[in-house]
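Chemist: structure for the following, please:
(chains A and B)
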Amino acid sequence: MLTPSTAETVLSAARRGGADFADLYVERWRRRTMRVIDGEVEDAVSAIEQGAGVRLFFGTDVVYAYTNELDDASLGDLVATLVRLRGSGATDGHVDELGAGGLDLRRNGAQGLHAPRIPFDTFDKSWRLERLRELDAGARIDPAVMQVEGRLLEWEQDVLVVTSEGDWVEDRRVRTRCSANVIASDGDQTQTGFVGPGLSVGLELFERELPADIGAAAARRALVNLRAVPAPAGTMPVVIGNGFGGVIFHEALGHLVETTSVARRASVLTDKLGEQVASPVVTYVDDGTTPHGWGSSEFDDEGMATERTVLIDKGILTSYMVDRWGSLKTGYRRTGSGRRENYTYAPTSRMRNTFILPGDVHDTSDLFQGISYGLYAKAMGGGQVMPGSGEYNFAVTEGYVIRHGEIAEPVRGAMLVGKGPDTIKKVDAVATDLSTEPGMCGSLSGSIPTEVGQPHLRVSEIVVGGEA
Amino acid sequence: MTFEQAKTVLVQRAIERGVDAEVLATNARELTLAAAGGRVDEITSATRGGVGVRVVHDGRIGYASSEALDEASLAWVLDEAIENAALQSARGAVILDGRALGRSDLIGEGLSAPVERKAEAITTLESALTADERVDAIAFARYSESESEAVLGSTRGADGGYRNGYAVLMASPIMRQGESVKQGWEIDFGKEFHAIDPTRTSQRILEKVGRHLGATPLATGRYATVFEPEVVATILQLLLFSLSGKTVAEGKSRLAQRLGERIASERFTLVDDPTLEDGLASRPFDAEGTPASRTALIERGVLRSFLHNSDTARRTGQANTGHASRSYASTLGVGATNLLLEAGEGVTLDDGVIVTNLMGVHAGANPISGDVSVQGLGLRVEAGESRPVENFALSFNLFKLLERIEAVGDELQWRPAGGAIVGARSLHVDALSFAGA
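Modeler: Next up is the predicted model:
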């Protein structure tokens, strides 16, 4: 996408302009989105996105510029603009020999750990449409199913990161996701169900996840909600389902251990390394290396190889998620966590695939034993979190009452309310059925693919908000 | 290849392939300066552009776009758009017959001031806020500007372009007086850098946020209500959902069957005017090349028109009002431009509540039913004297509210709301329910 001499020219100009460090990020995406409603194509859109971003560090001050014109003159202008703008403020940068000489570039490329077996250009579009029609047919399991929307996303992203320290890193990321959104109605009320598997794979996604099964799963979820009764309100034990149930800890715990908030002391978990922050049955991991994980990549968007980072080990906080800026600010080691949506954002510390490890309760049904009255939050939807305090509220999209240790009637409209750091201390049992699901995580550096996950687990008490 | 050339190449290739196509190319330059501690501490400088094609073949639509403008990328874009169109069942879509639309420059040299002056503007604003002893912290203080060029071409003869832009100052202080803490924000914007003024803006922000310090709970009850223009802009944005031809075509607008009927107080007249001189959202033509013209939406309370593009007009059997909106990477939609509430005789309030702020409108309002239940902030007026009040929720139905307007303000305030620029004025409504202490 860029020649080494262009990269060197740009980065040297940054260093000569007083920057202590500079990096250049170049990417090219091909994307396709196909949306099918009731078997008919509503819209099909294809796109190429291409651009570059240059980031200059002056001490811990960061300035950023981006463009999608990749010629030498445009990139040169970009750096010149930043140097000129920054020159109007204070300058703590200094020039050394690196600014004048060339860079001794060390090339590093992806090994194809997450490479697709069926790449982007395989099969024609009607093959894809057929899969989405299978999804539609699979969802028609009941006369109450009114509308079925199937969606196929295909992303292919080529990334190049070059740094003033001489790193030249190339990565390719291919991701495919297929989702079903089903609307069911019994004439009285209308409910929806959503299921959307996605991985760092090509169209072989459909071998792992049959389209008809995706449709049927979404339809079942909508139908359960149709026969659900209003949720009870109160404080009670809650069993949270595996997979997307992990979204609570992603939002209300994961975001609190990113240096983006820790370095600004805007997290309640600032300066807590080595302390018991969670129940001893909880080990929480953020892993950028999971083979074909939705949030996996071989390198992060700052050119560092990704790794498996144990954030909480048996309840003890062992690491934050650290990007370059966060490392400069806090002194913590970088963890390959610098990520961004695309070239229009500078990277910040972000999650990759984040999950709670399996515990010691081998039979999931044992989690329900001894609960005389509680809530089984089988599937979770979206929610909100106050980053400073970790206060959250999340909607339960598929929930059941637990009565005398048994799963009883389905309920709808349940909200889980609490503080992440409190809730994680009240996890008292973790099963072994770890699974993960894809999501899109929005933060300072845009919306990025991440996996959330956990085994079934039990929280001794959570405030459940029901229908008023 | 430039964006302009890419547009021409794509139109030519589409003609050779025997498909109808409309090509939109834009190129934008942006600059953002954020200030903290009396200096600029964050800078983002950007140029971004791309070309998007909407192919229509046998009444079927397909889209594709690219930010790379080399031959291979453009060839891929056209192939993909044609393939995407072929997947659809025929739905009667067309590319409108177009004509030469000329080139317009709507900003001239408006943003050409040196960057040092822009940095000075934002540090002046930030310092003026910090200097007020009631200001505890500043969540953000930011200058941004954007300058963009759009060109449109089609196989049906549309050909035109325009250049536009704006400059914005924005800040959000957190103010304290005793135990009372309030955060608010204000924005100052214009087409030209010299139209924005950091000193005036800082005074407005301090007045606007500071007047809420020391607020006490509002007693539950029914009060005569005045909505300030900023709140009215939010309410009009909610109303836009039901006035969009797309909402009508999808069967979701409560107003769909009411053209020609009285839906609001006769004091209420709402127009959308993309031809307004100096209007921030003015433009010579829409995303399908339909020349801009003024559309009366609600005239003295009577519903006159919805906002349409060619597609929603065809689907509803109504006239196209030239409100197609699209970016190079998006699909065809409907969008308002300068949405203007016409002036009334002014509002006065001797006893009641002035609502200055609505929070959580996105979660607390149902645009389809018009039911709104949100948290508010305001001023309680008794015997002509006002004091700040907080912690109340107000509930109303948007459509009923429109019928109950008793007076419209005479002072105009332009506010950004959604993708549109809303020319809002105060509204006086008879008693509304407030849930408070």
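
Chemist: the helices in chain A, which residues?
Modeler: A:4-16, A:72-87, A:97-100, A:125-139, A:205-208, A:211-226, A:247-252, A:259-262, A:324-330, A:420-423 (DSSP state H).

Chemist: show me the domain layout of the chain.
Modeler: Because you didn't say which chain, this covers chain A. As assigned by automatic domain parsing, chain A contains the domains A:4-32+A:43-104, A:125-227, A:230-465.

Chemist: hmm, no, I was thinking of chain B.
Modeler: For chain B, the structural domains run B:3-208, B:215-437, going by automatic domain parsing.

Chemist: for chain A, find the nearest of those domains.
Modeler: Within the domains of chain B, the stretch nearest chain A is domain B:3-208; the backing value is 3.6 Å (Cβ to the nearest Cβ). All C-beta atoms are positioned from the backbone trio N, CA, C, and that covers glycine.

Chemist: can you list the domains of chain B in a markdown table and add mean neighbour count and mean pLDDT?
Modeler: Shown next, in a markdown table, are those (neighbours: other Cβ atoms under 10 Å in any protein chain shown; pLDDT from 0 to 100):
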| stretch | mean neighbour count | mean pLDDT |
| --- | --- | --- |
| domain B:3-208 | 19 | 94 |
| domain B:215-437 | 19 | 94 |
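
Chemist: let me have these in TSV, extended by distance to chain A.
Modeler: Formatted as TSV, the entries for these read as follows, by distance: least, Cβ to the nearest Cβ, whole Å:
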stretch	distance to chain A
domain B:3-208	4
domain B:215-437	5
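
Chemist: and the ones you listed as CSV, adding distance to A:Asp287?
Modeler: Putting the domains of chain B into CSV (distance: least, Cβ to Cβ, whole Å) gives the following:
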stretch, distance to A:Asp287
domain B:3-208, 31
domain B:215-437, 32
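
Chemist: which of the ones you listed sits closest to A:Ser185?
Modeler: When the domains of chain B are compared by Cβ to Cβ, domain B:215-437 sits nearest A:Ser185, at 14.8 Å.

Chemist: where do the helices sit along chain B?
Modeler: In chain B, the segments counted as helices under DSSP H are B:3-17, B:71-86, B:115-131, B:198-210, B:229-243, B:245-249, B:310-316, B:361-364, B:398-403.

Chemist: mind checking pLDDT for the residue of the stretch 301-450 of chain A found nearest chain B?
Modeler: Closest contact between the stretch 301-450 of chain A and chain B, by Cβ to the nearest Cβ, is at A:Thr344 (6.7 Å). What the model reports as pLDDT for A:Thr344 is 95.

Chemist: please verify my assumption that it contacts B:Ser45.
Modeler: No. In terms of Cβ atoms under 8 Å, A:Thr344 does not count as a neighbour of B:Ser45; the distance is 11.6 Å.

Chemist: for B:Asp136, what are its contacts?
Modeler: Taking Cβ atoms under 8 Å, 6 or more residues apart in numbering or on different chains as the contact definition, B:Asp136 lies against B:173-176, B:181.

Chemist: how about 6 Å then?
Modeler: When contacts are counted by Cβ atoms under 6 Å, 6 or more residues apart in numbering or on different chains, B:Asp136 touches B:174, B:176.

Chemist: got it, and B:Glu4?
Modeler: B:Val151.

Chemist: next, the contact list for the residue of the stretch 301-450 of chain A closest to chain B, please.
Modeler: With contact taken as Cβ under 6 Å, 6+ apart, A:Thr344 is in contact with A:Tyr66.

Chemist: distance of it from A:Tyr25?
Modeler: Using Cβ to Cβ, to the nearest Å, A:Thr344 is found at 11 Å from A:Tyr25.

Chemist: would you convert the helices of chain A into TSV that also reports mean pLDDT, mean neighbour count and distance to B:Leu101?
Modeler: What follows is these, written out as TSV (pLDDT from 0 to 100; neighbours: other Cβ atoms under 10 Å in any protein chain shown; distance: least, Cβ to Cβ, whole Å):
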stretch	mean pLDDT	mean neighbour count	distance to B:Leu101
helix A:4-16	92	20	38
helix A:72-87	87	18	29
helix A:97-100	47	14	49
helix A:125-139	98	20	33
helix A:205-208	96	16	45
helix A:211-226	96	22	45
helix A:247-252	89	26	48
helix A:259-262	90	25	46
helix A:324-330	96	21	46
helix A:420-423	90	21	55
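
Chemist: turn the ones you listed into CSV, columns for distance to B:Leu402.
Modeler: Supplementary listing: these in CSV, determined by distance: least, Cβ to Cβ, whole Å:
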stretch, distance to B:Leu402
helix A:4-16, 56
helix A:72-87, 47
helix A:97-100, 64
helix A:125-139, 40
helix A:205-208, 49
helix A:211-226, 34
helix A:247-252, 38
helix A:259-262, 43
helix A:324-330, 50
helix A:420-423, 43
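
Chemist: A:Gly59 is nearest to which of the ones you listed?
Modeler: Shortest distance between A:Gly59 and those, using Cβ to Cβ, is found for helix A:324-330: 8.1 Å.

Chemist: mind jotting down where the strands sit in the stretch 351-468 of chain A?
Modeler: For the stretch 351-468 of chain A, the strands defined by DSSP state E, counting those that start in this stretch occupy A:353-356, A:373-386, A:391-403, A:406-412, A:415-419, A:427-430, A:435-443, A:446-454, A:457-465.

Chemist: do the stretch 101-250 of chain A as well
Modeler: Taking DSSP E, counting those that start in this stretch as the criterion, the stretch 101-250 of chain A carries its strands at A:106-109, A:145-163, A:167-185, A:190-195, A:198-199, A:229-230, A:234-240.

Chemist: what does chain A put close to chain B?
Modeler: In this structure, chain A approaches chain B at residues A:40-41, A:43-50, A:61, A:63-68, A:81, A:85, A:88-89, A:125, A:129, judged by Cβ under 6 Å from any Cβ of the partner chain.

Chemist: just the ones of those in strands?
Modeler: For the residues of chain A next to chain B, the ones inside strands are A:40-41, A:43-50, A:61, A:63-67, with DSSP state E as the criterion.
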